[in-house]
Structures are given as structure tokens and as C-alpha cells.
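Trainee: turn this into a model:
(chains A, B, C, D and E)
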Amino acid sequence: MDLGTVVGWVLIMVLLFGAMAIGVGIGPYIDIPSVMIVFGGTIGCLMVGFKMEQLKKLFTFMGVAVKPQQINLQETVKKIVEYSTKARRDGILALENDVNNEVNLFLKKGLSMAVDGNEPDAIRALLEIEMDQTSARHGANIKIFDQVGGFSGAMGMIGTLIGLVAMLLNMADPSAIGPAMAVALLTTLYGAMIGNILGGPVANILSIRNEDEILEKQVVLEGIMAIQSGDNPRTLESKLLSYLPPKDRKSQFE
Amino acid sequence: MDLGTVVGWVLIMVLLFGAMAIGVGIGPYIDIPSVMIVFGGTIGCLMVGFKMEQLKKLFTFMGVAVKPQQINLQETVKKIVEYSTKARRDGILALENDVNNEVNLFLKKGLSMAVDGNEPDAIRALLEIEMDQTSARHGANIKIFDQVGGFSGAMGMIGTLIGLVAMLLNMADPSAIGPAMAVALLTTLYGAMIGNILGGPVANILSIRNEDEILEKQVVLEGIMAIQSGDNPRTLESKLLSYLPPKDRKSQFE
Amino acid sequence: MDLGTVVGWVLIMVLLFGAMAIGVGIGPYIDIPSVMIVFGGTIGCLMVGFKMEQLKKLFTFMGVAVKPQQINLQETVKKIVEYSTKARRDGILALENDVNNEVNLFLKKGLSMAVDGNEPDAIRALLEIEMDQTSARHGANIKIFDQVGGFSGAMGMIGTLIGLVAMLLNMADPSAIGPAMAVALLTTLYGAMIGNILGGPVANILSIRNEDEILEKQVVLEGIMAIQSGDNPRTLESKLLSYLPPKDRKSQFE
Amino acid sequence: MDLGTVVGWVLIMVLLFGAMAIGVGIGPYIDIPSVMIVFGGTIGCLMVGFKMEQLKKLFTFMGVAVKPQQINLQETVKKIVEYSTKARRDGILALENDVNNEVNLFLKKGLSMAVDGNEPDAIRALLEIEMDQTSARHGANIKIFDQVGGFSGAMGMIGTLIGLVAMLLNMADPSAIGPAMAVALLTTLYGAMIGNILGGPVANILSIRNEDEILEKQVVLEGIMAIQSGDNPRTLESKLLSYLPPKDRKSQFE
Amino acid sequence: MDLGTVVGWVLIMVLLFGAMAIGVGIGPYIDIPSVMIVFGGTIGCLMVGFKMEQLKKLFTFMGVAVKPQQINLQETVKKIVEYSTKARRDGILALENDVNNEVNLFLKKGLSMAVDGNEPDAIRALLEIEMDQTSARHGANIKIFDQVGGFSGAMGMIGTLIGLVAMLLNMADPSAIGPAMAVALLTTLYGAMIGNILGGPVANILSIRNEDEILEKQVVLEGIMAIQSGDNPRTLESKLLSYLPPKDRKSQFE
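Mentor: Next comes the predicted model:
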């Protein structure tokens, strides 16, 4: 579990609610109709703009942001090089057991195709489709969080305009102007908070995690192609380690 | 019918009109000249910026957002694999009857070309043209909704400026300032509502539906190419299932 | 002539001037120095940012928006298929007369190269250069209208700031503040009107017309290649009709 | 020298200073601390964001905007076709003298490589590297002007906020509020002027000039390849003229 | 060390603090709660939006902006051409000593692969992976600084809205309104300063440095390929010098 995301949210919340508390208290910042306009309106926009099946998985996606899939590229390279060594020594069929126990589903699928004797081109084509489609599906989910900021900001602005119009029509009592305008501004505040705490940063971290996953799949794909064509494991390792930052490159042959 | 879009619109409308109603009532938020500037002005901008034949189909496009073309990628894969099995067993001419009854027009066209003995390259070229052109036409329609937000926002701002100037020239009676400014703000409110309820989210859902359709066409194209070259139906199924999310991949050979 | 563009402009103008008229009258909205800052300043920015030879043709481009080149893709396909039929029956030299009478210059050029016995690769290379360069020149022109919005908006804002500073330095007479601010806002109003009536929508329609023209050239290019290599006219028609929306596809062989 | 750029700047300046002069005079619009914040701050941002060697050439780039490299594509095509005719008649070595006198350095380099008997692929590779790198260097310079707008706008806003805070803390004397706010707005005004007069339009014209230069290099590259492979000069001319707008295409063989 | 970055920051700071000092003094511009909201909130957003391992290296990245890796493309070309001359004269194995002493790690890796007798395709593939992955990692780091501006601007706006609401609820004492609003504006000021001094310009210079590094790697890659295939050193030099701006091209053969 990546504490960064949770700690980041807690930090922001403590700071913002603290700032409210030391001013006029948190109470005046909570206005149920304003909450409904911004949260409800944003949800309404998401329902119009996305498919229900995407929205149903919204919390799953946020879970990915908080508890990312564990990707250890060094381990993946190490495992692939071991498979490569074994396949070169004992033939590719010797990997049959490893395939059955492999937990990385993408690696498992590719290796099992190789063990089953599929053509290299067919394996590559199938794995690339899977890689591209995974990335496309992730991209569609990330777009939800990208759009949340736009939708919530717009709803906040609409709410403030509705409140301003009401205030402007009731200016007989000057002492009521301040509080009325304060309430009108709350929707803009909520909109900015949703967009910049739940929207933008989550879209960003999900996009980073997607890139990590695609990079791992790329490494796996290269590895399977090399195992099948019986490349030298040292050459393969050297190639796969190039995907890692220099400091993480540790050869198992040294 | 995808209820999400309609329910989303209803939800937003209930929230916004509710917020107006519990304040000063809905009445003050309705101003016919302001409605005309923003709605009329946005329509004017669309007439300048798009071809009449595109605009005439505006409601058709909105219908697509509300009642999407039924795409079931699992069913499509299943059907193609069945055709592939039949063609491999009995020859591609055995598909002649299926072609005539096929409801998916893209699949029908491609299959009928294959049955008629066209060259694989010719079939691929023609289907890719059709795929690209469909996507280009959809993209042009989606752009209308993308631009609605910009146009309506601009018209709202122009209307507010016109109103503000009028208000500033009539500040002799202080009690008239509030209501005059309230009316001036209405066009900005209308512009934001059109752009963010009818514009952005509709462009988004139409773009998602376009991607779904293109993905289905891609699957169909791959399938037809494989049927024609007599590929193994199991291999084909395995490849086509890679286009689906893992949980939807169900083989008919198991 | 596409009435849409003109009707759109008239509609917007009637609405905006109507809104002014029913308020304080059109008079107060006309301020010559403000007009000069925004119109003159925008022209100044265009002179800095574009080549004089481009700007000299500005009204020609606007004419394209109002009175578009007549493109009838169905007719083009029909004509190409007829040429193809003739060339297949009587040899490509039989097209010599048709070439001389052809009004579509791009088709004429390509066909005459084919009739003159040029290599297919040379014809394709030359036509693709012409197609790409046409699109690049159109794109450069469209960019003018794209930038008009940015330039006029900036000039409007600069004018308003100049006016606001003057107003803030003369606040001794409170009754003068309103009118002074009204005048200051006029440049912002003009800037928004130029950008959103003359800029954005015109850029949009020009870009649509460019895509239509490039699509037609693409169809012509495909047609000439097929005529030269003596393809079956039915196969060619089937391919070219794929560029059209399904409802416009009418075969001349049925 | 392209008068457009200079005339454009003069026009804008006359209009803006005129607008100031007929209001409260130019004096109140000049505030040295504000000038320093915006000009100095923008220069500071440029120093952080770009390499010193880039910034040192800033005025050279502005010179390019004002006095562009003279590119005459018609002349270039004419010259290349003449070289091509000569090379075909007398052999490529006959161009040795022309190479030495050629003023277009890109054409000179490519031709001299051809005369020296280099391989076509080597010539193409080298010229494409030079073309790409020229464009990349130009792009990096253009980016400076693109960013000037962002930097100066931000500095203007920061200056205004600093001024507003000072004004808000000194509201005891109401008559001082107007002038204080006027001064605060000056940085925003300066920022908008720098960004929209020196930034955006200059970036735009430099980008157009870069495209012109790259297009000329493309024509030269095509020409050299054709000269070396001994293509027919008429065919070559016909191809190169396709890079020009239709009205500029004049054949020397007619 | 590139003084530009540091001098730029110092210049901006002197100007902004100077502007504060000559107004109401620096004191009123410092408000600890406001500092905490904007700095802390921005850090919180970064923690949500990026991986902890990226953020831990934030100061390392800023160091790259201040003290860039010394890249001297002229020297690199010179060295490669010398290696090429040696390899052509004495065979590629003669470079073994040079490889061991080479300080450019990318050049060292590629040369040592060539000396060890790897296939050209394998060397190219591995070096391109390394080049692409380096650029991707740099891009991910640059994105942090890109996003800082958005995050800090949003936090500044949220802080100002919180302050404005508090102020609007306490308008009983008119003399308190000014100072309260001044404090509310401080978060917007901080947000703009962070985004435009620490965010944007740093992202820009890091992106320029990345391009410089990738360009050098490109030159090295071309060089190694040519050394291995035994190309003429003069031809190689001529090609590599094309990557440099014309004024920096100095041949060692003249």
C-alpha cells in the first residue's frame, strides 16, 4: 500500500479544515444545498458523460490509486532471465510447470502460448492487442477523474451564479448581503476542492500506474519473444535491464 | 437504452431548479431576452461554424447519447468464431446464407466480399476506409458538442457585458442596481448551463460510444481476415478475446 | 452558397443589437476610441504575427466560409467510375478528350499524367505533395482566424485595463464612475464579439471545408491509381463508395 | 524587409498610447516599480527557464521576425531545374562550378555531396538530419516567445496582488484607494501588453518563417535526389512545382 | 554550473520583495496559516498525484536545473570520430582501452558491446531502449514541476475562498474588511508565486536539458553504428556535424 496518496489527502484535509476552524469555525462552511448542487451535479454530469458500467467501478479505480498493483520490474526481469536460462538448457517445454505456477497473468499467457508452440508473430500480435486494450481501458477510467475537475468546477460556478442572483435581488437588508454572498461562494469552493483533491491528482497517479504496468508488459513481451527464439540469457538480461533506471540494474550473472 | 444519460440530466435539473426554488423562486431566473441571446447566439455560432447538413442531425446525435447502438463485443466474437469454424469445416462458401441474414452491416459487407472471392488486401483496404471514414464523421459530430460549450460560454459573457454596461449607465437609482446586475448575470448562468450540461458531457459520451464502435469494427476486421485465410478458430478466438477485458473472456471451446 | 454562415451571423447580430436596443439603446455601446483599440489592435497583432501576403487574402478566406467550393463527393465518385469503365474498355488513351474537358483541376492533372504514361509511383508522389501542400496552406489560413480570437480578446482586456486605470484616478465625481466603467468594459465586449463571431466559428467552418476538399482529393487519388492499373470498375466503385456515408452510396451498376 | 511586423507594432503602440493620452495622459500609466516587476520578473523567469546561450540570441530572433531570410520558392525551383538540365546533358560533374558559387548553403552542401559521388542514402540521411535539427533549434527559440506571454502574465498578476494587499491594508483614506488600485492594475496591464505584443504574435511569425524554410529545404532535398538519379528535368519541375500554390507554378519549358 | 537559473531566481525575489518592502513592508505579506495551506496543500496534492520515490528525488531534479550535466556536443563528435579513425586503422578491438576509460556511460556501453562483437541490430535495440526509457523517466520528473503550478494555483484559490467566506460573515466592523481580504488574497499570491517561479520555468529548463541529453545520445548511437560497420571517419564526421548548429561545425580533418 502506497501511503503517499492517503497521507496526502489527510494532509490537505487537515490544512483546509484547520484554516476554516481557526477563522469562523467549520460550521459556516457546510451548507447542505450547496453540497448537493456540486456533488450531485458532478455525479449527474458523470452519468451523462460516461457509461454506467464505468462509473460503477469508480471506487475500484480509486482503490488502485491508494493500493497500487505491486509491480517490481527488477523481480520481473530476474524471473524472465531465469526462465530463459532454463529454456535454453532444457528446452522450452521444461517451462510447463513454471507456467502453471506463474502469478503474473500476462507473462503466464505469453509463456503458455510459447510452450504450446504458437508462432512468434501470433504471440506478439495477441500480447500487443492485450497490452493496447489494457492501456485503452485504463485511459478511459483515468478520463473520468480528468473530467471530474471540469464538471465540479462548472457546477460550483453555476451554483455561485444562482446564489449571486438571489443575493442581488435581496439587497434591501445590507447586513444580509455578506452571509448570502458567503453561501454563494461555497459551491465554487466545493467545486475547486473536488476537482483538485479528488480529480486531478488521482488522474495523475492512475496515469503513472498505467505507464508502469504497460512498461512491465513491454518487458514481459520482449522476454517471451527472446525465450522462444532461444536467445542468449545474458544478452536478454542486458537488454531487459536497459528498461530499468541505471541504479536498479543488477545482473544475476555477476 | 442507457438510463444513465437521462437520469443524469434529470438529477442535474432537479438540483439546480431546486436550488433556485428554495432561494428566490424559479421565476427571477427566467428572462426571455437573456434566453434568446444565449440560445439564439449559440445556434447562430453553430450555423456559422458548421454545415447545415451537420446541424440538421443534431438531435439524431443526441439520440445516440441517450439510446446507444447496442454493441455486445462478446456476442460479436462468439458469432465470428462460429463463422470461422463453419468456414474451416465446409469452406467459405458455406457462409453465404449467414451473410444474407447478418444484421451487423460492417460484418455483412466484409464477409460477403470474402465469400465473393475478393483479395484479402482489397477487403482490408475497403473495410479500413469505411472504419476511418465512420470515425471521421463521428468525430465531426462530436466536435459540435465540444464547441457548444465554447460558443454558449462566449454568448453568456457577451450578454453579461451588454447588461453590465446598461446597468452602469443607470446607477441613479441604487435600488435598481441589484436587480439589473442579477439579470446581467443570467446570460453567464445560461451559458455555463448549456455548455456543461448539453455540451461537454454529451461530447464525452459520444466519443466513448464512437470508440466502442470502432473497437467492434476492428474485431470484425481481424475476424474476417482470419476466416478468409482459414486460420484455426481456437487461435482466432484467443486473439479476439484479447480485445475484451479479462473478466468477459469466455471461450466456446471449453 | 451556404446560407448557414450568413444567416448565423445575421441571427447573432439581430439578437445582440436587439438586446442593446431594448436596454439603453445602441448608442452607448458605440465608442470610436474603443473600436479603434480593439479592431486596430487586432489588425496590428495580425500584421506582426502573419505575412502580409496571407493577410491580403483574408477576405478571400472569409468568402470560402460563406460561399464554399462546391464539392459533391457522389458526383466525383460517379465520374471516376465512368472514366474507369471507359479506360478499361477502350484503353487509357480514350480518356484524352475527357481530360481536356475536366473541370476538377486535381483530377485533370492526375488523369493527364496517367494518359501521358507516367509511372504510378510518380503520379502518386506528385498528387500527394499537392494534397499535403494544399492542406498546409489552408491550415495556415485557418490559423489566422484561430488567432483572431486570442488577439482581439487580449486587446479588449488591455483596453479595459487602460480605461479602469483612468476611471480609478478620477473618482472625485461618483456619478462619473458608472459611465467611465461602462466605457472601459466596451473593449472587452468588442474583443469577445470579434473573437467569437468572426474568429472561432469561421476557423471551424474553414477547417471542415478543408477536410471535405482533402477527402475529395483522396478519393480522386485512389481513383486515378485504379484507372491506371486497370482495376475492375465495380471493385473501384465499391471502394470509393466506402468514403461516403452509407445513405449516399448509390451504385451505377444496379 | 517585411514591413508588416514593424507597421503592426507601430499601429498597436499608437492606438494604445493614444487611448491613454486622450484619457488621463500617458504619465499615470508609467510606474517604474511596476515596470521593473513585470519586465524584470519576466526576464528572471526566462533566465530560470532557458539556457543563457538561447537568451543571448533573443534579439537575433526578433530580427528574424522583422527582417526575414529571403526565401523565393519559385526561384529555388527554377535553379534546381536548371541544375538538373545541365547535369543530365553534361554529367553531374559539370555542376562543380555552380556548387562553388551557390549561395543557398543547404543546396550547396547537398549538391557538393552529389558531385563528390556520395551514395544517395548517405546524402538523404545527412540532409534530413540537418533539416530536422534546424527545425528543432528554431522550435526551441520560438518557445521562448511562446513562454514570454505566460511568464509576463503571471508576473503582472503577482504584481497586482502585491499592490492589492497593500491597498487593502491602507483603506483609512478613501481618496487614496482609487489611485492605489490604479497602480496595482498597471502590472497586469504591462503583463498583457508584453505577452500579446512581444510574445504571441512574434512566436507566430517565427513559426511561419520556420515552416517556409523547412519547405524550401524539402524542395531542395527532393531536387538533389532527382539530379543525382538523373531524372527527367521536366518530370522534376512538375513535381517541385506541386509544392507551390497553383498561381505561382510557371514552367521554364513552356 | 549554469548561473542563469540561480541569477533568475535571485532577480525575481529581489524585485518582488522589493515591491513589497517599498509598499507596506514585507511583514504583512507573511501569514503562516496561508503559507501552510498553499505549501502544505501543494505537497499534499503531489503526494496524492505522484509516487513517493519520485517525490523523494525532487531536490535532485531541481539540482539538475541549477547545475546541468555538462554536455559538449562538439567534444562528443570529436571523440567519436577519433574512435572511428582508430577502429578503421587498427581494428575495432583496438578500442578496448578507450572503452574502459570512457566517462560517457552511454558511449561506453555501446562501444563495449561493439568491441565484444554483438550484432549491430542488438546494439541499436538496446541503446534505443535505454534512450527511450531515460527520456520517459525524465518526462515523468518534469511532469511534477508542470503540475506544481496547477496544484499551487488551486490551493491558492481554495485558500482565498475560505478567507473570503470568513470575511463575508464578519462584515460588522468595516475597518476589518480590508485587512481580512488582504489576508485572503495572500494564498492566491503564494500559489501564483510557487507555480510561476518554482513550477513552470523549472519544468521548461528540465525539458530543454532532457532534449540536449537525448540529442547527445542520438549522436552517440549513430557514431557507434558507423564505427562498427567500419564507415569512413570523414563521412561519419560530416554526418555527426549535421547535428550541430552551423557555427559549431569544425572538422578535425582540415
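Trainee: what helix or strand does A:W9 sit in?
Mentor: helix A:3-22 (DSSP states H and E).
Trainee: ok, the top helix by length along chain A near chain E or not?
Mentor: Across chain A, the longest stretch assigned as helix under DSSP state H is helix A:120-169. No: using Cβ under 8 Å from any Cβ of the partner chain as the criterion, no contacts between helix A:120-169 and chain E are found, and the smallest distance is 8.9 Å. C-betas here are computed from N, CA, C, even on glycine.
Trainee: tell me how far the next helix or strand after that helix lies from the chain's centre.
Mentor: Reading on from helix A:120-169 to the C-terminus, the next helix or strand found by DSSP H and E is helix A:174-193. Helix A:174-193 sits 33 Å away from the centroid of its parent chain (Cα atoms, centre = their mean, to the nearest Å).
Trainee: what residues sit buried inside helix A:174-193?
Mentor: Buried residues in helix A:174-193, defined by neighbour count with 16 or more other Cβ atoms under 10 Å in any protein chain shown: A:177-193.
Trainee: give me the buried stretch members for the helix holding A:W9, please.
Mentor: So helix A:3-22, judged by 16+ other Cβ under 10 Å, has buried residues A:G4, A:T5, A:G8, A:W9, A:L11, A:I12, A:L15, A:L16, A:A19, A:M20.
Trainee: can you narrow those residues down to the ones near chain E?
Mentor: On the criterion Cβ under 8 Å from any Cβ, A:G4, A:T5, A:G8, A:W9, A:L11, A:I12, A:L15, A:L16, A:A19, A:M20 are the entries of the buried residues of helix A:3-22 that sit beside chain E.
Trainee: quick check: pLDDT value at the first one.
Mentor: Note for A:G4: predicted pLDDT of 78.
Trainee: correct me if wrong: it contacts E:M47.
Mentor: Yes: under the criterion of Cβ atoms under 8 Å, A:G4 makes contact with E:M47 at 4.5 Å.
Trainee: now do the shared contacts for the two.
Mentor: Each of E:L55 lies in contact with both A:G4 and E:M47 under the rule Cβ atoms under 8 Å, 6 or more residues apart in numbering or on different chains.
Trainee: coming back round to it: report the mean confidence score over the longest helix of chain A.
Mentor: Summarised as a single mean, pLDDT over helix A:120-169 is 90.
Trainee: and the angle from it to helix E:120-169?
Mentor: Using axes from the mean of the first three to the mean of the last three Cα atoms, to 10 degrees, one finds that helix A:120-169 and helix E:120-169 are set 10 degrees apart in direction.
Trainee: helix A:120-169 vs helix B:174-193, what angle?
Mentor: Using the same axes, to 10 degrees, helix A:120-169 lies at 170 degrees relative to helix B:174-193.
Trainee: for the helix or strand hosting A:A65, name the packing helices and strands.
Mentor: Under DSSP H and E, the secondary-structure element containing A:A65 is helix A:58-66. For helix A:58-66, the elements it packs on are helix A:3-22, helix A:120-169, helix A:200-228, judged by 3 or more Cβ pairs under 8 Å, 6 or more residues apart in numbering or on different chains; DSSP states H and E.
Trainee: now do 7 Å
Mentor: For helix A:58-66, the packing partners by 3 or more Cβ pairs under 7 Å, 6 or more residues apart in numbering or on different chains; DSSP states H and E come out as helix A:3-22, helix A:200-228.
Trainee: ok now that helix, how far from the chain's centre?
Mentor: How far helix A:58-66 lies from its chain's middle: 7 Å, per Cα atoms, centre = their mean.
Trainee: can you list the buried residues in that helix?
Mentor: Residues of helix A:58-66 classed as buried under the neighbour-count rule (16+ other Cβ under 10 Å) are A:L58, A:F61, A:V64, A:A65, A:V66.
Trainee: A:S229: neighbouring residues, count only.
Mentor: Here the neighbour count serves as a burial measure; for A:S229 (other Cβ atoms under 10 Å in any protein chain shown) it reads 10.
Trainee: walk me through the domains of chain A.
Mentor: Taking automatic domain parsing as the reference, chain A has its domains at A:1-30, A:31-254.
Trainee: what residues of stretch A:106-124 count as buried?
Mentor: Judged by neighbour count using 16+ other Cβ under 10 Å, the buried positions of stretch A:106-124 are A:106-115, A:118, A:123-124.
Trainee: who's in contact with it?
Mentor: Judged by Cβ atoms under 7 Å, 6 or more residues apart in numbering or on different chains, the contacts made with stretch A:106-124 from elsewhere in the structure are A:83, A:92-93, A:95-96, A:99, A:102, A:126-127, A:130, A:217, A:220-221, A:224-225, A:227-229, B:235.
Trainee: out of these, which end up buried?
Mentor: Under a neighbour-count criterion of 16+ other Cβ under 10 Å, the subset of the contacts of stretch A:106-124 counted as buried comprises A:83, A:92, A:95, A:99, A:102, A:126-127, A:130, A:217, A:220-221, A:224-225, A:227-228, B:235.
Trainee: and the residue nearest to A:P246 when sequence neighbours are not counted, what's its pLDDT?
Mentor: Nearest non-adjacent residue to A:P246, counting by Cβ to Cβ, 6 or more residues apart in numbering or on different chains: E:L105, 7.4 Å away. Listed pLDDT for E:L105 reads 86.
Trainee: and the closest residue to A:F17 other than its chain neighbours, how many residues sit next to it?
Mentor: Of all residues beyond its chain neighbours, the one nearest A:F17 is A:I26 (5.9 Å), with distances taken as Cβ to Cβ, 6+ apart. Under the neighbour criterion other Cβ under 10 Å, A:I26 is assigned a count of 13.
Trainee: pretty sure A:I26 is touching A:M20, no?
Mentor: Yes: taking contacts as Cβ atoms under 7 Å, A:I26 lies within contact range of A:M20: 4.9 Å.
Trainee: quick check: closest non-adjacent residue to the residue nearest in space to the middle of chain A.
Mentor: The centroid of chain A falls nearest to A:L206 when counting by Cα atoms, centre = their mean (1.6 Å). Leaving out its chain neighbours, the residue that sits closest to A:L206 by Cβ to Cβ, 6+ apart is A:I142, at 4.8 Å.
Trainee: where are the low-confidence patches of the stretch 1-150 of chain A?
Mentor: A:1-2, A:68-69 (pLDDT under 70).
Trainee: just the closest residue of it to chain B, please.
Mentor: Closest approach of the stretch 1-150 of chain A to chain B (Cβ to the nearest Cβ) occurs at A:M47, with a separation of 3.0 Å.
Trainee: so that residue makes contact with B:G4?
Mentor: Yes: using Cβ under 7 Å, A:M47 makes contact with B:G4 at a distance of 4.5 Å.
Trainee: residue contacts, the residue of chain A found nearest chain D?
Mentor: Distances from chain A to chain D, computed as Cβ to the nearest Cβ, single out A:G178 as the nearest residue at 16.3 Å. Under the criterion of Cβ under 7 Å, 6+ apart, the neighbours of A:G178 are E:L168, E:L169, E:M171.
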